[in-house]
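Enquirer: Following is a predicted model, sequence given first.
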Amino acid sequence: MVSKEKPPVDIVEENDSFIIIMDLPGVLPEDIEIKGDENSITIQGIKRPLIAGKYVIMERSTGRFKRKVVFKDHINIENAYAKMENGILFIKVPKAMDKLIINTKIKILIRR
């Protein structure tokens, strides 16, 4: 089953940063790719079936997912970081705060 699911996100704004929270139960950190630039972050990956075999019923979504988050303020993608806890992805992204923004794309690794 292939899903074009857009996992829901919560975005919390702090004085100097944004925190993105995304539920990704059953998704391994190595199956997630996070990239960003000066005003957005794209999270994509794949949720694989947990057991190989012929499914009689498959109601839990599997397949690829992709979600892009665009911010109202410029962000400092170079200092962003991500972590996974109990199937929940947390990405902390500092605001640019008057720093020079260079149009660049950066991959964010998930800390363990």
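Expert: Looks like it arrived, so ask away.

Enquirer: Give me the three-state assignment for the residue most central in space within the chain.
Expert: Centroid-nearest residue in the chain: Ile43, 3.7 Å away (criterion: CA atoms, centre = their mean). What DSSP: H, G, I helix; E, B strand; the rest coil gives for Ile43 is strand.

Enquirer: what is it paired to in the beta sheet?
Expert: Beta-bridge partners for Ile43, by DSSP bridges, are Ile34, Arg67.

Enquirer: Local confidence estimate at it?
Expert: Ile43 is assigned a pLDDT of 96 by the prediction.

Enquirer: Name the strands paired with the lowest-mean-pLDDT helix or strand in the chain and say parallel or antiparallel.
Expert: Every helix and strand of the chain was ranked by mean pLDDT, DSSP states H and E. The lowest is strand 106-108, at a mean of 79. According to DSSP bridges, strand 106-108 forms sheet pairs with strand 32-36 (antiparallel).

Enquirer: Give me the residues contacting the partner strand.
Expert: By CB atoms under 8 Å, 6 or more residues apart in numbering, the surrounding residues in contact with strand 32-36 are 24, 41-45, 75, 77, 80, 82, 84, 89, 91, 93, 105-110. (C-beta placed from N, C-alpha, C; glycine too.)

Enquirer: In PyMOL, select just the buried ones from these.
Expert: Paste this into PyMOL to select the buried members of the contacts of strand 32-36, with burial taken from 16 or more other CB atoms under 10 Å:
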select buried, resi 24+41+43+45+75+77+80+82+84+89+91+93+108+110
